[in-house]
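Colleague: here's my sequence, what's the structure:
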Amino acid sequence: MTAADPAGESTESPKRRFSRLCLPRRGRPWIRHRWLRWTVRVLLGLFVLGTLFSFVYNLATNGDQKPASALYPGPYVRIDGRTVAYRELGSRGSPIIMLGGFAEPSWVWQPVMQRLALGHRVYALDLPPFGYSERKGPYTLSGWTSLVRDFAVHFGLRRPLIVGHSLGAAVAVNIGLQAPANTAGIVLLDGDALPVGGPHGIANLFVNPYYTTLFRLVTHSDWLVHKVLVQAYGPDRRPITSAQVDEFERAFRVQGTEKGFHDLFRVGVQGLTLGDLRRLKVPRIVAWGQHDTVDDIKAGRTSAQALGVKLTVIPRAGHLSMLDEPAAVAKVIGSFAARIESAPSGSTANKR
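Modeller: Numbering: from 1, shown residues only. Take a look at the predicted model:
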């Protein structure tokens with residue numbers, strides 16, 4: 001009940017007025033605290049469930065991780081204190097060394113190697129931590145360069161032609177810069193030889209068991225690997241089969257691969273500068289898939305200009321041009337090798 005003041009207006013009691021003013025103010029913080037408690041509980045629950053799932057999943061898939069020799073029979077060779085997987089075809093002619101790109105096993109070169117082996121000794125090796133080579137760093141441009149140079153010395157390959165695809169292009173150019181007298185020529189295939197990026201700080205956030213779980217989920221996903229391959233192949237490709245997907249996935253199951261990729265991400269995929277490319281003196285060409293959507297053809301033109309050569313376009317090919325159009329790629333490499341061998345020593349005619 002309210003009381004009336006002398007002017008005839010009703011007034012509330014002090015107790016009722018206090019209650020009406022204060023209750024709403026007391027209610028809002030209580031609601032906020034309740035939702036905060038529930039949010040913390042939900043997040044904590046998700047964290048616990050995610051951790052348990054990671055431990056169980058990693059334990060269940062540990063059997064998928066195997067020694068490289070159980071996944072690829074070889075051949076292997078011991079170079080710089082680590083076991084390196086490679087392939088070899090041909091018994092005569094000048095030597096050619098082929099280097100793959102990111103996560104590319106050496107088998108991707110097989111169709112091209114079969115054609116070039118008719119007149120050359122052709123080698124392809126797995127740059128660690130890719131393919132079936134031992135997961136032992138450093139995974140740097142300098143480390144890869146030393147590995148390839150020592151590989152050539154081990155097999156007595158005098159003045160090889162170095163073909164680098166994608167990531168391997170920087171390694172090929174660096175070999176030409178370091179050992180021009182022992183390098184017949186350089187082929188950049190779908191790779192501009194520039195760095196992809198410096199050290200990736202996000203790699204420091206990849207902690208176990210979550211990093212291992214994420215890595216295995218991604219690399220064991222047939223659907224995701226298929227999507228990546230669709231992007232890497234050209235538009236005129238044949239349908240990608242489950243066998244092709246399995247071939248690419250198999251190398252991810254080599255023991256130590258998760259740590260190898262983690263270490264690589266920490267330093268970034270290293271490369272050279274356009275100034276470095278301008279210093280290259282050995283014969284060189286740049287070839288690019290017409291429909292490469294992984295590394296845009298504009299990047300190829302930029303590197304070709306820095307190297308002082310014309311860009312050679314592989315019609316109908318995508319990023320994996322050696323698989324898309326192996327005959328065309330083999331023809332480009334073989335013709336370049338023939339020009340090098342026929343040109344007089346020190347001639348500049350063999351650059352283009």
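Colleague: need the contact list for the residue nearest to residue 321 when sequence neighbours are not counted.
Modeller: Closest residue in space to residue 321, ignoring its immediate chain neighbours: residue 289 at 4.0 Å, by CB to CB, 6 or more residues apart in numbering. For the C-beta atoms, the positions are set from N, CA and C on the backbone; glycine is no exception. Neighbour list for residue 289: 190, 234, 297, 313-314, 317-321, 324-325 [criterion: CB atoms under 8 Å, 6 or more residues apart in numbering].
Colleague: so which residues of the protein form helices?
Modeller: For the chain, helices defined by DSSP state H occupy the ranges 14-61, 68-71, 110-116, 141-154, 168-178, 210-219, 222-232, 242-250, 257-267, 274-279, 297-307, 321-324, 326-342.
Colleague: contacting residues for the nearest residue to residue 319 once chain neighbours are set aside?
Modeller: Spatial nearest neighbour of residue 319, excluding adjacent residues (CB to CB, 6+ apart): residue 294 at 3.8 Å. For residue 294, the contacting residues are 166, 190, 231-232, 318-319, by CB under 8 Å, 6+ apart.
Colleague: any idea which of those is least confident?
Modeller: Lowest pLDDT within these is found at residue 231 (87).
Colleague: hang on, that one packs against residue 291?
Modeller: No - with contact defined as CB atoms under 8 Å, residue 231 does not count as touching residue 291 (10.8 Å).
Colleague: neighbour count: these two, which is higher?
Modeller: Using other CB atoms under 10 Å, the more surrounded residue of residue 231 and residue 291 is residue 291, with 20 against 12.
Colleague: tell me the spacing between residue 180 and residue 174.
Modeller: Using CB to CB, to the nearest Å, one gets 11 Å for the distance from residue 180 to residue 174.
Colleague: settle it for me: which of those two has more neighbours?
Modeller: residue 174 (26 against 13).
Colleague: right, and the more buried one touches residue 272 too?
Modeller: Yes - in this structure residue 174 lies within contact range of residue 272 using CB under 8 Å: 6.5 Å.
Colleague: who touches both of those two?
Modeller: Residues touching both residue 174 and residue 272 (CB under 8 Å, 6+ apart) are residue 141.
Colleague: contacting residues for residue 67?
Modeller: Per CB under 8 Å, 6+ apart, neighbours of residue 67: 254-255.
Colleague: check it and give its pLDDT.
Modeller: pLDDT recorded at residue 67 is 94.
Colleague: and what of residue 266?
Modeller: Here, the pLDDT recorded for residue 266 equals 83.
Colleague: so what's the residue count around it?
Modeller: For residue 266, the neighbour count with other CB under 10 Å is 15.
Colleague: next: residue 323.
Modeller: Neighbour tally, residue 323, other CB under 10 Å: 23.
Colleague: what's the distance between the closest residue to residue 320 other than its chain neighbours and residue 318?
Modeller: What sits nearest to residue 320 in space, not counting adjacent residues and going by CB to CB, 6+ apart, is residue 232, at 4.8 Å. Between residue 232 and residue 318 the distance, using CB to CB, works out to 6 Å.
Colleague: before we move on, what about residue 70?
Modeller: Going from residue 70 to residue 318 by CB to CB gives 32 Å.
Colleague: quick one, which of those two is more surrounded?
Modeller: The neighbour comparison of residue 70 against residue 318 (other CB under 10 Å) goes to residue 318, with 25 against 11.
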